[in-house]
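Asks: Here is a sequence with its predicted model. Questions after.
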Amino acid sequence: MKQSKLFTKTQKNSPADEESKNAKLLIQAGYISKEMAGVYSFLPLGLIVLEKINKIIKEEMEKIGGQEILMSALQCHDVWQESGRWDDKVVDVWFKTFLKSGGELGLGFSHEEPLTKNMKNFICSYKDLPFYPYQIQTKFRNEKRAKSGLMRGREFLMKDLYSFSKDEKEHNDFYEKISEAYFKIFERLDLKDLTYKTFADGGSFSKYSHEFQTESDAGEDIVYLDREKKIAINQEVYTDEVIEDLGLKKENLEKVKTAETGNIFTLGTKFSDALNLKYKDEKGEDKSVFMGSYGIGPSRIMGLLVEIFSDEKGIVWPKSVSPFLVHLVSLEKNEEAEKIYQKLKENNIEVLFDDREKISAGEKFSDSDLLGISYRVIVSEKSLNSGGFEVKKREEKEAKILSEKNLLDFFISEK
Ligand code: ATP
Ligand code: MG
């Protein structure tokens, strides 16, 4: 991609109406734009990052048997009435609206009810179970406070997977599997060392649910963390009884601020009973399907990555989600820059080429730092005179000179 053709531009200053670092940097760099509080649009570079996060999540969900679907955002009142979750007193984040032809609709904040109802078309006997549909879909929540940029949207992206199992044992096996899959996702996002499996409120069907809490001052949660054992307790359930139950010691627990990046939840038969989702077991007897739900927030993660991986000059994307591997910056109009751009592309190396004319070197460097692409390659008369191209990692100070061949070999190995 050529930067001269990119319609988005970086801004000189960060937006005055944003409090959070992630929104400030992402808007200033032209990744996203603000429509209103808690509502953002993704621009070309922002969409590339978001889709890379989604791809990592999808790959890990497919590996454990997830099957991708896409459900509607508009929600039918009747099905939520059946489970008792239509009432604003029960769910306080609903956005609702009216149909011209009569009747009330909601904008989905989660999808347990419509999916459970839908599955009545496909589940008949024990032979149909288990299975694991998931989606990456836009959710709507009327959040009271939306000052954390992408980390608390009123419209945001969620990966939600739902498990439909025969019984609790089959459910528990999958629950462990997806927990491991979540850690693989966090590992690929460079967040594993900061992310802790956290014991939280389990609702009616199990003692605990598990949250994946990532250490960050930008988070809105408080957990008590045992660093050695790599587990934590959400402050909502932090009692002497729970500490003892988990075999932890109060003196080893550290109070830290975290952001909830994902959670996994045993639903049991709460929704299958409410919506009458049953299957026939081997003896031909009717049984309720045993369910679980598993969320993760791609847009929240994108914001959190910026909170964690950034410095005073801008963003420092982890390589796995950097919009491009290489930011090729040409300081003067020269044929060598165009030639190496073509060579990188021929080798399928993702590259953004700053080919803009009449922009000072200083401005190009500060734009490059702001954008945070993993590697910066400078082509200039000076670099060519010293034998090639000046290459440096975004977070490093020192650059090295590589010849064309070494440059291509290096990036092919870094892909
Ligand atoms: P929180 O306590 O932060 O409001 P939640 O418990 O309401 O989160 P879930 O309903 O379990 O969250 O949603 C699953 C995932 O979706 C969360 O782990 C988080 O990553 C993401 N998520 C939830 N609410 C938002 C939001 N308002 N903006 C962006 N992502 C969100
Ligand atoms: Mg919430």
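Replies: Noted; the coordinates are in hand. Ligands and ions are numbered 1, 2, ... in the order given.
Asks: what about residue 392, how many neighbours?
Replies: When counting by other Cβ atoms under 10 Å, one arrives at 14 neighbours for residue 392. Heads up, the C-betas are built off the backbone N, CA and C, glycines and all.
Asks: Contact partners for it?
Replies: Residues counted as contacts of residue 392 (Cβ atoms under 8 Å, 6 or more residues apart in numbering) are 375-376, 398-400.
Asks: near ligand 1, which of those show up?
Replies: Among the contacts of residue 392, no residue is within reach of ligand 1 (Cβ under 6 Å from any ligand atom).
Asks: State the pair within the residues you listed that is farthest apart.
Replies: 375 and 398 (13.3 Å; Cβ to Cβ).
Asks: Settle it for me: which of these two has more neighbours?
Replies: The neighbour comparison of residue 375 against residue 398 (other Cβ under 10 Å) goes to residue 375, with 22 against 6.
Asks: now that one: how far from residue 35?
Replies: Look at residue 375 and residue 35: by Cβ to Cβ, to the nearest Å, they are 32 Å apart.
Asks: where does this structure dip in pLDDT?
Replies: Low-confidence segments of the chain (pLDDT under 70): none present.
Asks: For it, which residues are neighbours of ligand 1?
Replies: 110, 141, 143, 152-153, 156, 158, 260-263, 295-297, 299-300.
Asks: So residue 338 sits against residue 345, correct?
Replies: No: under the criterion of Cβ atoms under 8 Å, residue 338 is not in contact with residue 345, lying 10.8 Å apart.
Asks: neighbour count winner among the two?
Replies: residue 338 (16 against 13).
Asks: State the helix or strand in which the more buried one lies.
Replies: Using DSSP states H and E, the element containing residue 338 is helix 335-346.
Asks: Now tell me what touches that helix from outside.
Replies: With Cβ under 8 Å, 6+ apart, helix 335-346 has contacts from 326, 328, 330, 351, 353, 355, 377, 379, 384, 389, 404, 407-408, 411.
Asks: May I ask which of those residues has the most neighbours?
Replies: Neighbour max across those (other Cβ under 10 Å) = residue 377, 29 neighbours.
Asks: now whichever strand or helix holds that one, how far from the centre of its chain.
Replies: Residue 377 belongs to strand 375-379 when elements are defined using DSSP H and E. Relative to its parent chain, strand 375-379 has a centroid offset of 28 Å by Cα atoms, centre = their mean, to the nearest Å.
Asks: Could you export it as CSV, CA atoms only?
Replies: What follows is strand 375-379, C-alpha atoms only, in CSV (Å, rounded to 0.1, in the frame of the first residue of the first chain):
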residue,chain,number,x,y,z
TYR,A,375,9.9,-2.5,11.2
ARG,A,376,11.0,0.8,9.6
VAL,A,377,13.1,0.8,6.5
ILE,A,378,14.6,4.0,5.3
VAL,A,379,15.7,4.5,1.7
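Asks: Where do the strands of the stretch 101-250 of the chain begin and end?
Replies: 104-107, 132-140, 155-165, 195-201, 208-215, 221-226, 231-234 (DSSP state E, counting those that start in this stretch).
Asks: so what strands line up beside the second one?
Replies: Note on strand 132-140: by DSSP bridges, its sheet partners are strand 66-68 (parallel), strand 155-165 (antiparallel).
Asks: Which strand in this structure has the most residues?
Replies: strand 254-268 (DSSP state E).
Asks: who's in contact with the strand holding residue 377?
Replies: By Cβ under 8 Å, 6+ apart, strand 375-379 touches 325-331, 334, 336-337, 340, 368, 389-394, 399, 407, 411, 414.
Asks: what angle sits between that strand and helix 335-346?
Replies: Relative orientation of strand 375-379 versus helix 335-346 (axes from the mean of the first three to the mean of the last three Cα atoms, to 10 degrees): 150 degrees.
Asks: which is the next helix or strand following strand 375-379?
Replies: According to DSSP H and E, the helix or strand after strand 375-379 is helix 381-385.
Asks: Alpha carbons of that following helix, in PDB - could you do that?
Replies: Output of helix 381-385 as PDB, limited to C-alpha atoms (Å, rounded to 0.1, in the frame of the first residue of the first chain):
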ATOM      1  CA  GLU A 381      20.700   8.900  -0.700                       C
ATOM      2  CA  LYS A 382      22.600   8.500   2.600                       C
ATOM      3  CA  SER A 383      21.500   4.900   3.200                       C
ATOM      4  CA  LEU A 384      22.200   4.000  -0.400                       C
ATOM      5  CA  ASN A 385      25.700   5.500  -0.200                       C
END
